[in-house]
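K.L.:
Predicted model follows, preceded by the sequence.
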Amino acid sequence: MRATFRNLFNIVNVAAFLRDRHDHAMSVVRWTLILVPLAALIGTLCAAFLWSLGGATQARFDHPWLLYLLPAGGAAIALLYHRTGRSVEAGNNLIVEQIHEPGGGVPLRMAPLVFIGTIATHLFGGSAGREGTAVQLGGSLASAAARLFKLDAPSIRIVLMAGVAAGFGAVFGTPLAGAVFALEVLAVGRLEYSGILPCLLAALVGDWTCHAWGIHHTPYQISSITGGVGALIVQPLILAKAAVAGVAFGLAGLLFAEANHALGGFLKARIPYGPLRAAFGGILVIALVWIFGTRAYLGLGVWSAIPGDPTIAGFFTGPADRWSWALKMVFTVVTLSAGFKGGEVTPLFFIGAALGNALGWLLGAPLDLFAALGFVAVFAGAANTPLACTIMGIELFGATHAVPIAVACFVAYICSGHNGIYLSQRIAVPKRLTRGHSHGATLREARASRRTRRENSYPDKKEH
């Protein structure tokens, strides 16, 4: 064949090429028109939520007696859900299920219910987070947008993932981590690349909008230098210590998730009526305050108006109490298991930073660096999202510490096993080959399978 422009035109098929690019361009325009206003709205709601959360936390410090209203506040939240929000009580798990199998959608009333419920939880002194609220705000608004634009099932999955990315990116000020979190949280061992650009766009717009409303996030500083001169000697030792700490972070994530599920199931079995269960949980939290003689483990734990209280920021500045991570875990598990709203992530940041500080002292490592490793790695183990948490660590603490952050997150992910805080998460690629983990099983099914095997292993004990 002669090399002519006509032959080149025929081989390349310019008409089909232009038609294909036109379809892509129209798809980009369509998604941009849907996602930009949606993400801006989610970012605005997240800004309002963070502003309200700051006000509620300040009010709790100004009026300590509010803690004694925690049982009544919990009962009121649970009654509100009992009367109007039973279909949204599954929270983040409902959103994950709808992304896997779009069907009934995520009711829009999830947004005001979780907004009010989380603010009330923090106002009265429950130990909870904020990621659950942001993700649910994003998911419920995204589902409403899907209904408004009559999207098909594949498009619904993408817009729901984008809503999660916008909420997560806005509430933590980490848009890249938000985008990857939305792609990674659905299944253990797999990323949903189909939504990669929509999630990135939504997370960026959500974060920009939240900042535009004047919301700022707490900065964390790592002062210790682990590289530079002698890096070839220092770095391997630091990485080895980060790997050892990663095992502890993964086990802490596993312990947190299982304690939450176990106590939540126990309380539901013993106290089926939600408002009564939440009131009982509020009484337990007050009892914990009396037993340990401190209110330091209430609320988010990002900052405190009481000098000397352990806080996330404080774990980056020097030695801290060695058992703060365990106490925060107890307060948070009791709060969330009883039905209070908020989320697990910020308490996991606290637990991880406190545990990292303690391990840094034990291993003779920089305390601020290991507080940062724990900050992201315990969450990586509990949520099975090592890539998102590594990126979050880089966004929060800088790329200088990217390698130890990745080591801690990846090891924690492996060590937490097929467990996690999101029971609707599916196992796409098992972490290890074990019995009973079929492809696509949820963590809830894996957990039930383990329980059945344990019962079958001790039939005599079961009969007695």
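P.N.:
Sure, I can see it.
K.L.:
any idea which helix is longest in the chain?
P.N.:
Across the chain, the longest stretch assigned as helix under DSSP state H is helix 14-62.
K.L.:
That helix: what's the following helix or strand?
P.N.:
Using DSSP states H and E, the next helix or strand after helix 14-62 towards the C-terminus is helix 70-84.
K.L.:
so how far is that following helix off the chain centroid?
P.N.:
Put simply, helix 70-84 sits 24 Å off its chain's centre (C-alpha atoms, centre = their mean, to the nearest Å).
K.L.:
and that helix, what does it pack onto?
P.N.:
Packing partners of helix 70-84 (3 or more C-beta pairs under 8 Å, 6 or more residues apart in numbering; DSSP states H and E): helix 110-124, helix 274-292. For every residue, glycine as well, the C-beta is placed using N, CA and C.
K.L.:
Let me know which of those is tucked in deepest.
P.N.:
Across the helices and strands packed on helix 70-84, averaging neighbours per residue (mean count of other C-beta atoms under 10 Å) puts helix 110-124 on top, at a mean of 23.
K.L.:
CA atoms only: put it into CSV for me.
P.N.:
Presented in CSV, the C-alpha positions along helix 110-124 are these (Å, rounded to 0.1, in the frame of the first residue of the first chain):
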residue,chain,number,x,y,z
MET,A,110,-30.9,10.9,55.7
ALA,A,111,-29.2,14.3,55.3
PRO,A,112,-31.2,16.3,57.9
LEU,A,113,-31.5,13.3,60.3
VAL,A,114,-27.7,12.6,60.4
PHE,A,115,-26.9,16.3,60.6
ILE,A,116,-29.1,16.9,63.6
GLY,A,117,-28.2,13.6,65.2
THR,A,118,-24.5,14.2,65.0
ILE,A,119,-24.7,17.7,66.3
ALA,A,120,-26.8,16.5,69.3
THR,A,121,-24.3,13.7,70.0
HIS,A,122,-21.4,16.2,70.2
LEU,A,123,-23.4,18.8,72.1
PHE,A,124,-24.2,16.4,74.9
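K.L.:
Give me the angle between it and helix 14-62.
P.N.:
30 degrees (axes from the mean of the first three to the mean of the last three C-alpha atoms, to 10 degrees).
K.L.:
still on that earlier bit, so can I have a markdown table of the helices and strands packed on helix 70-84 showing distance to Phe370 and mean pLDDT?
P.N.:
As requested, the helices and strands packed on helix 70-84 are exported to a markdown table (distance: least, C-beta to C-beta, whole Å; pLDDT from 0 to 100):
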| stretch | distance to Phe370 | mean pLDDT |
| --- | --- | --- |
| helix 110-124 | 28 | 94 |
| helix 274-292 | 25 | 96 |
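K.L.:
Distance to Pro366 for those helices - can I get that in JSON lines?
P.N.:
As requested, the helices and strands packed on helix 70-84 are arranged in JSON lines below (distance: least, C-beta to C-beta, whole Å):
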{"stretch": "helix 110-124", "distance to Pro366": "32"}
{"stretch": "helix 274-292", "distance to Pro366": "29"}
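K.L.:
Identify whichever of those lies nearest to Trp303.
P.N.:
With C-beta to C-beta, the closest approach to Trp303 among the helices and strands packed on helix 70-84 belongs to helix 110-124: 12.7 Å.
K.L.:
which outside residues touch the closest one?
P.N.:
45, 49, 52-53, 56-57, 59-60, 66-67, 69-70, 73-74, 76-77, 80-81, 84-85, 88, 91, 94, 128, 130, 132-133, 136-137, 139-141, 282, 299-300, 335, 340-343 (C-beta atoms under 8 Å, 6 or more residues apart in numbering).
K.L.:
Check which helix or strand Ala203 maps to.
P.N.:
Going by DSSP H and E, Ala203 is in helix 196-212.
K.L.:
tilt between the helix or strand following that helix and helix 274-292?
P.N.:
Next helix or strand after helix 196-212 toward the C-terminus (DSSP H and E): helix 231-270. For helix 231-270 against helix 274-292, the angle by the same axes, to 10 degrees is 130 degrees.
K.L.:
ok so, going back, apply the buried test to the contacts of helix 110-124 and list what passes.
P.N.:
Neighbour counting with 16 or more other C-beta atoms under 10 Å marks 45, 49, 52-53, 56-57, 60, 66-67, 69-70, 73-74, 76-77, 80-81, 85, 88, 91, 94, 128, 130, 132-133, 136-137, 139-141, 282, 299-300, 335, 340-343 as buried within those.
K.L.:
quick one: contacts for the closest residue to Ile158 other than its chain neighbours?
P.N.:
Distance criterion C-beta to C-beta, 6 or more residues apart in numbering; nearest residue to Ile158, sequence neighbours excluded, is Gly195 at 4.5 Å. Residues in contact with Gly195 (C-beta under 8 Å, 6+ apart) are 157-158, 161-162, 182-183.
K.L.:
And the pLDDT at Gly195?
P.N.:
Looking at Gly195, its pLDDT stands at 90.
K.L.:
quick check: mean pLDDT across stretch 322-330?
P.N.:
Stretch 322-330 shows a mean pLDDT of 95.
K.L.:
Identify each buried residue in that stretch, please.
P.N.:
The neighbour-count criterion (16+ other C-beta under 10 Å) identifies 324-330 as the buried residues of stretch 322-330.
K.L.:
if we can go back for a sec, let's see the helix holding Ala203 as CSV, backbone CA atoms only.
P.N.:
Extracted in CSV, the C-alpha atoms of helix 196-212 (Å, rounded to 0.1, in the frame of the first residue of the first chain):
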residue,chain,number,x,y,z
ILE,A,196,-12.2,8.0,38.9
LEU,A,197,-12.6,11.4,37.2
PRO,A,198,-16.1,12.1,38.6
CYS,A,199,-14.9,11.3,42.1
LEU,A,200,-11.8,13.6,41.7
LEU,A,201,-13.9,16.4,40.3
ALA,A,202,-16.5,16.1,43.0
ALA,A,203,-13.9,15.9,45.8
LEU,A,204,-12.1,19.0,44.5
VAL,A,205,-15.2,21.1,44.1
GLY,A,206,-16.5,19.9,47.6
ASP,A,207,-13.2,20.9,49.2
TRP,A,208,-13.0,24.2,47.4
THR,A,209,-16.5,25.1,48.4
CYS,A,210,-16.0,24.2,52.0
HIS,A,211,-12.9,26.4,52.1
ALA,A,212,-14.7,29.2,50.3
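K.L.:
Could you report the separation of the residue nearest to the spatial centre of the chain from Ala75?
P.N.:
The residue lying closest to the centre of the chain (C-alpha atoms, centre = their mean) is Val345, at 4.6 Å. In this view, Val345 and Ala75 are 25 Å apart by C-beta to C-beta, to the nearest Å.
K.L.:
Can you list the helices and strands that whichever helix or strand Ala134 is part of packs against?
P.N.:
Here Ala134, judged by DSSP H and E, is contained in helix 131-148. The contact analysis (3+ C-beta pairs under 8 Å, 6+ apart) places helix 131-148 against helix 14-62, helix 92-100, helix 110-124, helix 153-172, helix 345-363.
K.L.:
Output the contacting helices and strands for the shortest one.
P.N.:
The one in question is helix 92-100. Under the contact definition 3+ C-beta pairs under 8 Å, 6+ apart, helix 92-100 sits against helix 131-148, helix 153-172.
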